[in-house]
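**Student:** no sequence on this one, just coordinates:
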């Protein structure tokens, strides 16, 4: 068995949120006990313990950030199951599913759908093709409709609209929700609005009391209007579902979708040099800091992984990277789906700059540094050895894929 301590970011968040229904289960079970002489004994490292001088003691042992007690409680406690046996209506959601998984934008959208569905409605997620997502239940999906087939692969907006029209005819959802994103949801939603004859509300960031509020005027003003049937929502439009589990019952269309002749031919993705992608737009960033001892190996790893290079302020000040590659509040704020920090301890300005990143991976020699605490996945060890092993693993994976294709 490995001695590496695995953190549970979700358990950490629940442990900090006193309003969450599972908050009590994430706390240490015993904070005080009766001693043999009748005196109440208290744990001096307990959360919220009041010391003899009247000062509140703070736990800095890391237990509040996902210790063994919370991991055990997280494994034992299950979220309550939300069931809708006979839905009175449906709220249809078409997530982007970039890379075959739900993004943070998709989860926000499902949170909004859960609010609109209430207790009587059901959230119907419509996805195209194969997926890799295994957490539809905790994301708020009551019914899952998967449209498979080669006709839905690639850039085929006309065919996908035909599929959504078939869903609309069969389930007649009360509302359609799509992400107003550059990864397909924005275009698909506008095409769907034209096909259904609905005027969509775009860039919506709030839905309340039958009204929706969206950004307008280059984001400088808000427009409030009655909630339409078709909504294109912005990121952080609602809180993701985190208090219930859902059934994710599979459903299917009663009839096949008629295949349309595409008017646009998909020639596939265009290869782009990761070094030419601005960090603010990059999906995958490999960032180096003061802990890097072999910068040639770092550049080789970034090229092998196809990642955009970034750096901490210390690395930039030392001349290892250009100033436009500095990440942080004093550099560039990034929103990458994956941010890998190598040899970066995690100054507050740097952590502010990566606050919107979806997944953070930290490689560092110091297991107690702030970047390790922030990361979703942490690797403690020598960065050079880890990067070499990572490069070898990527090469072996690609060579194996080529042999299978041959």
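**Tutor:** Yes, it's here. Just so we're clear, the structure is a prediction, and the values are computed from it rather than from any experiment. Residues are numbered from 1 along each chain as shown.

**Student:** gap between stretch 265-276 and the chain center?
**Tutor:** Remark: stretch 265-276 is offset 24 Å from the chain centroid, using C-alpha atoms, centre = their mean, to the nearest Å.

**Student:** Just the residues contacting that stretch, thanks.
**Tutor:** 154, 155, 156, 282, 284, 302, 303, 306, 307, 308, 309 (C-beta atoms under 8 Å, 6 or more residues apart in numbering). All C-beta atoms are positioned from the backbone trio N, CA, C, and that covers glycine.

**Student:** what's the most distant pair in these?
**Tutor:** The distance between the two most remote of the contacts of stretch 265-276 (C-beta to C-beta) is 34.3 Å, for 156 and 309.

**Student:** wait, doesn't residue 142 sit right on residue 249?
**Tutor:** Yes: with contact defined as C-beta atoms under 8 Å, residue 142 reaches residue 249; the gap is 6.9 Å.

**Student:** Between these two, which is the more surrounded one?
**Tutor:** Just comparing residue 142 and residue 249: by other C-beta atoms under 10 Å the higher neighbour count belongs to residue 142, 25 against 14.

**Student:** measure the more buried one to residue 79 for me?
**Tutor:** As for residue 142, its distance to residue 79 is 14 Å (criterion: C-beta to C-beta, to the nearest Å).

**Student:** Could you do residue 127 as well?
**Tutor:** Distance from residue 127 to residue 79, by C-beta to C-beta: 22 Å.

**Student:** A strand includes residue 250, no?
**Tutor:** Yes: using DSSP: H, G, I helix; E, B strand; the rest coil, the assignment for residue 250 is a strand.

**Student:** Quick check: bridge partners of it?
**Tutor:** Following DSSP bridges, residue 250 is listed with bridge partners residue 144.

**Student:** Now do the same contact list for it.
**Tutor:** Counting by C-beta under 8 Å, 6+ apart, the residues that residue 250 touches are 143, 144, 145, 146.

**Student:** Same list, the residues you listed, but as JSON lines with distance to residue 361 please.
**Tutor:** Listed next are the contacts of residue 250 as JSON lines, based on distance: C-beta to C-beta, whole Å:
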{"residue": "143", "distance to residue 361": "34"}
{"residue": "144", "distance to residue 361": "29"}
{"residue": "145", "distance to residue 361": "33"}
{"residue": "146", "distance to residue 361": "30"}
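
**Student:** now, among those residues, which is nearest to residue 264?
**Tutor:** Nearest to residue 264 among the contacts of residue 250, with distances taken as C-beta to C-beta, is residue 146, at 23.6 Å.

**Student:** Could I get the buried residue list for the strand or helix carrying the closest one?
**Tutor:** Here residue 146 sits within strand 143-147, counting by DSSP states H and E. Buried residues in strand 143-147, defined by neighbour count with 16 or more other C-beta atoms under 10 Å: 143, 144, 145, 147.

**Student:** What segments of this structure are helices?
**Tutor:** Remark: helices assigned in the chain by DSSP state H are 9-16, 68-76, 104-117, 136-139, 157-171, 185-196, 295-305, 313-317, 348-353, 370-374, 383-405.

**Student:** on contacts alone, who are the packing partners of the first one?
**Tutor:** So the one you mean is helix 9-16. If you count contacts as 3 or more C-beta pairs under 8 Å, 6 or more residues apart in numbering; DSSP states H and E, helix 9-16 packs onto helix 68-76.

**Student:** rewinding a little: now for the contacts of residue 250: which two are most distant?
**Tutor:** Checking those with C-beta to C-beta, the most distant pair is 143 and 146, at 10.8 Å.

**Student:** and the residue lying closest to residue 153 once chain neighbours are set aside, how many residues sit next to it?
**Tutor:** Using C-beta to C-beta, 6 or more residues apart in numbering and skipping the chain neighbours, the partner closest in space to residue 153 is residue 129 (5.9 Å). For residue 129, the neighbour count with other C-beta under 10 Å is 14.

**Student:** if we can go back for a sec, nearest to residue 209 among the helices of the chain would be which one?
**Tutor:** helix 104-117 (11.5 Å).

**Student:** Sitting in strands, which of the contacts of stretch 265-276 do you find?
**Tutor:** Judged by DSSP state E, the contacts of stretch 265-276 include 284, 308, 309 as members of strands.
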